[in-house]
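[1] any chance you can model this:
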Amino acid sequence: MESIRWILFCSLTCSYISPALLLIDTTDLNDITCSADTTAGIDPSSITYQGPDNNIAHSYLCENFMYMFKCCGRIKQWKLYAAKTGSIQLQVWRRTATRVYELIGENYCLITAAGSVTCNIADNDRISVRKGDFIGWHNQGNETLYYESNGHFDSTKENLFRRQDIGDPYVGDTYDWSEVEAYNDRYYPVQATYEASTNPSISVADIDVPDYLNNGDTVGRFTYSDSDLMDNRSLVVVSTRTSAYYTAHLPSGYITASSLYRPRDDSLAYYLYDLCYKVTSDTRSHSINVQPTALTFDHLDATFTVAEDFTKNQTLLYTIKCTDPVDQWYCSSDWSTTLPFMLKAETNESYGFYLSEYASLDSSTSPLTLTIACVENLVTNSQTSYTGTITLHITDNTPPTLTNLDAAVEVNSETAIRGDSIYNVTYTDPENDIVTFTMTCDTGGSTNTDTFRILANGNVVLRKFLTSTTNYQFDCDITATDTDGQTDVGNLHIAILNIDHVDITNMPPATLQIEENTPIGSYLYTFEYDDTDTVFPDYWSITFDDNNFNRHFNLDPQTGVLTTAFSELNYEATGVAGTTYTMTLTVGDVKGTTSETLNFQIVNQNEPPWFEEDYYTLQIGEGPDGTVVTDGTVFTSTIHDEDTIVAANNEVHRYSLDCDNITTTQKFYMNEDTAEITFEGAYDLDTAGYSNEVTCTVTVTDYYGLSDTTILYIFIVNQNESTPAFTHSTYTFYLATNTPVGTFVGSITAHDYDSSDDYNDEIIYSLDQTALGDKLLAVDNNGGLYLMDTVLDYSHLISSSMLPAIVAQAENAGNGPTGVATINIVIPETTTVTTTTTDRNEDFYEDRWSYFWLMSAIGGIALIIIALSLVLFRICRLTRVKPWCYQCWVRICCRPPPPQPRGFGDRGYDLASFGHRHVYADEDGDIDGWLIKPNKHKKNKRDKDIVEDEHARYGTPNYGYDRTGEIRAEPIYEMFRVPSKSTVPKAANYLSSYTSTKPIPSSSKKTEHKSLMSRR
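    Numbering: from 1, shown residues only. Here you go, the predicted model:
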């Protein structure tokens, strides 16, 4: 392939490509691969510098062709001109869509001084670029690069530079730059130098395979690589020659037997190319050769040694394996049967060489050479026989020898940690037997097994930190035993220095009792300890023999405070009752710990029972004494009590009932054991005091007095148990033959003693007139009978002046029992007088109109009493009646007559002869008379305003002013005013025809102003 190389257009991943695809000449793609070192970007020394910008953490993409890579290669060097020190991430972007780019790789360049910077890239960090990739960079902080802005590009041309804060992308990330504003007026001083990529290589070798293979068996492998490390992930392997019997998995290089495998020779060929279409120098091929399998055996000839005192039972000493499991074969021996050896087939591919039971070996016969012959089991004369030998050396068995014991060693407890090796025991054994070690340590007369142990290689190591031990020295006996049971014993004395001892100083009693339902977070105990070492901090921890018990407790690792945590203790939980739990308490530091055990026992607490429901509802009909309202299972099956979970608690529940009141409660009985409720006496809603709705409180109480309540609503249904009864068993009515249709005949009455709450006392009347053959009478809802047909139409049925009997029926609205009575219709034998009579006159209670007349009479009597009372009251107020009449009525219904007035009447004046009413005063200015009640005195033209006194009392002067200046009320009873034309002489200084009082004394004669008063 000197002048033309054939390559494929394919996916840029390492995958299998069919050779049937279109091949093209690589000479048409000379511009894809670089032939020598090439640059992309602007030489930093060729431009004038400006800037830099003040953007922070921006990324740049240069779509300018000058910053584009022209061929495939690897970047070996970056040049740039920096404005300041720091670092910059120099990047390569590859377009995957119109404006979507993928970050192919980046190099970090450290800038130690401003100015021209050259960054040489190590071979492993060189970025593989392709034609069309663009340079970019990312600043972690402010802008690093200078730029030149001299209008290099026409404004009509496409913008070629883009910058944006897109974060710090990772290699493989993509970004859409189409939304980023572009510009085209500057150069950036950054340049990448990239070298030509190298050709990949492929390595193959001929493969020999056996004649027995299965589908998928691996027979060989070819390898390939590229010195351009980034190309290794995108190499493409092309198979140019395939096989029907063998399959080459191109990505991995493994060659396997195909599903059509036959033991045939064949060959495979491949070539390889990378992203830059660099192809292997030539097509590489290798052949696969089938090697016929001969009957050969492994482990022959063999030599091994056995001790003469090897006296084990039948023991497998050696295994002989065949390398051709396809052919059948067998093995046999030629040694004497006196030798204690035997051959035994193990599998189709192996034989076992065994030492017989109770073998007796003699070292004087050593060595023994035993011949084994193996033959192919073929039904032909060309059987192939293969022989081999086993050489057995029999030696005298000697015990192992401990070469460095007895010995002594010191261990510093402050520096030694668990797992440290403190001593290595060495030994020798002439037979090279496998030697095992055992060690027993004694300290202070007691055996110690938890501080040291010896490993299979003879290393004595620490099993724990030594700071918790109180033992200063250990005497350890170490025994070495070989496979034949021969032993050797040595002593190792171990001295402990700088012991750090931790001791728990305040362990509580052996068993700590805790009540169930103890609140989470409750304080239980504080443990204390003493540690001679103060360098390392100590920590507390606890474990329980029952892992489920851990969630109930928390131990502060620093303070040693034990509290309840996470889940409350429940004595009734499965497996808790009566169980004692063991807690292992450990305290210590990184150097050592100490542990103590403490037992916990959960103490039971009684817990109240509780009902599932807040209320229950029962419905039952009224009934006799002992009727079961409920058998109680509605309560017993719906109560819960955690104490009943543990049978040993022997929890007992008692039930009680409390209804609306004591009277209602006494009508029910609840069995306290079964919660059964029955009627205590007959429950009859027709009897006063029995309600059809009862609300009760049911209480359940456990053995210790804890209880719960629920509400029980009992609805009693009224039963229709009473039969309507007629007032009379027989009714007789008289009808004339000419009685008009519609005539009221009479009434029948029945009574039902059922309760009226559910209409069981409503009576429906009906008539059975079957004997008449038709309906002569009709009955209404009140029992009234009316003539429905002409009597003459039934004359042929008259016998002894009577029609056949009619049966009256009374049934209540509840469709209960029916009461009956007989109605006899009598037809008098007369034609001159029509007479309708009933059997008897109705009494007061039977006549429905009696109640209306009674109510009317009561109302009339009440009106008469009210009117008479008003008349009497008015008479009592009259003053113009005859004295004897006045006195009479006053004595009968009012008050005693007032006493005879003094003053004017005493002087011989006839007060009754006066035509006008006057109030008079005596010589002292006081009003004579008596007072019934206070009355507001109206003012007239001559009187002054008089104020009513709300404190006026009956029978006391309480109007006007008395001698003490107190206000008095207006008198009620006035004298008759003297007419102006009266012949009676005026009483000077007492009365005038125009005033009701005598002149009031002046202030010169009186010191106090007094109003006229009436005196009793």
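[2] please count neighbours and contacts with C-alpha atoms only from this point.
    Will do.
[3] how about Leu497: what's its closest non-neighbour residue?
    Asn412 (4.7 Å; C-alpha to C-alpha, 6 or more residues apart in numbering).
[4] how much space between the one you found and Thr447?
    Separation of Asn412 from Thr447 (C-alpha to C-alpha, to the nearest Å): 22 Å.
[5] Ile121 now?
    67 Å.
[6] neighbour count winner among the two?
    Ile121 (17 against 13; other C-alpha atoms under 10 Å).
[7] how close does the closest residue to that one other than its chain neighbours get to Ser234?
    Distances taken as C-alpha to C-alpha, 6+ apart place Lys76 nearest to Ile121, at 5.1 Å, with adjacent residues excluded. Here Lys76 is placed at a distance of 20 Å from Ser234 (C-alpha to C-alpha).
[8] with Ser45 instead?
    36 Å.
[9] looking at the two now, which is surrounded by more residues?
    Set Ser45 next to Ser234 and count neighbours by other C-alpha under 10 Å: Ser234 wins out with 17 against 13.
[10] related to what we said a few turns ago, which outside residues touch the helix or strand in which the residue nearest to Ile121 is found?
    Element membership for Lys76 (DSSP states H and E) is strand 73-82. If you take C-alpha atoms under 8 Å, 6 or more residues apart in numbering as the criterion, strand 73-82 is touched by 33-34, 43-44, 111, 114-123, 126-130, 144-146, 189-197, 228, 276.
[11] again, only using 7 Å
    33-34, 44, 114-121, 126-130, 144-146, 189-197 (C-alpha atoms under 7 Å, 6 or more residues apart in numbering).
[12] which of those residues count as buried?
    Neighbour counting by 16 or more other C-alpha atoms under 10 Å classes 33-34, 44, 115, 117-119, 121, 126-130, 144-146, 189-197 among these as buried.
[13] give me the subset of those residues lying in strands.
    Under the assignment DSSP state E, those contribute Gly115, Val117, Thr118, Cys119, Ser128, Val129, Val190, Gln191, Ala192, Thr193, Tyr194, Glu195 to strands.
[14] next, the buried residues of stretch 471-482.
    Buried-residue list, stretch 471-482, by 16+ other C-alpha under 10 Å: Tyr472, Gln473, Phe474, Asp475, Cys476, Asp477, Ile478, Thr479, Ala480, Thr481, Asp482.
[15] ok, back up a step: the residue nearest to Ile121 and Met670: what is the separation?
    103 Å.
[16] and the helices in this structure?
    In the chain, the helices defined using DSSP state H lie at 633-636, 662-665, 850-877, 883-893.
[17] distance to His138 added to those, as JSON lines?
    Converted to JSON lines, these look like this (distance: least, C-alpha to C-alpha, whole Å):
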{"stretch": "helix 633-636", "distance to His138": "80"}
{"stretch": "helix 662-665", "distance to His138": "93"}
{"stretch": "helix 850-877", "distance to His138": "114"}
{"stretch": "helix 883-893", "distance to His138": "125"}
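[18] pick the most buried one from the ones you listed.
    helix 633-636 (a mean of 16; mean count of other C-alpha atoms under 10 Å).
[19] quick one: mean pLDDT over stretch 463-479.
    Averaged across stretch 463-479, the pLDDT comes to 82.
[20] and it, how far apart are its ends?
    Here the two ends of stretch 463-479 are set 19 Å apart, with distance taken as C-alpha to C-alpha.
[21] neighbour count winner among Lys76 and Met670?
    A count of neighbours by other C-alpha under 10 Å puts Met670 above the other of Lys76 and Met670, at 23 against 19.
[22] show the pLDDT at that one.
    If you check Met670, the pLDDT there is 93.
[23] and what of the one 5 residues further on?
    The predicted local confidence for Ala675 comes out at a pLDDT of 91.
[24] quick check: it vs Ile716, distance?
    19 Å.
[25] ok so, going back, looking at the helices of the chain, which one has the lowest mean pLDDT?
    Lowest mean pLDDT within the helices of the chain: helix 883-893, a mean of 58.
[26] my guess is Thr630 contacts Ile677. True?
    Yes. Between Thr630 and Ile677 a contact is recorded at 5.4 Å, counting by C-alpha atoms under 7 Å.
[27] neighbour count winner among these two?
    Set Thr630 next to Ile677 and count neighbours by other C-alpha under 10 Å: Ile677 wins out with 20 against 16.
[28] okay, and the beta partners of the more buried one?
    Note on Ile677: beta-bridge partners by DSSP bridges are Thr630, Met670.
[29] wait, doesn't it sit right on Val628?
    Yes. Assessed by C-alpha under 7 Å, Ile677 is found in contact with Val628 at 6.0 Å.
[30] identify the residues contacting stretch 177-194?
    Contacts to stretch 177-194, defined as C-alpha under 7 Å, 6+ apart, come from residues 37-44, 73-81, 99-100, 146-153, 159-164.
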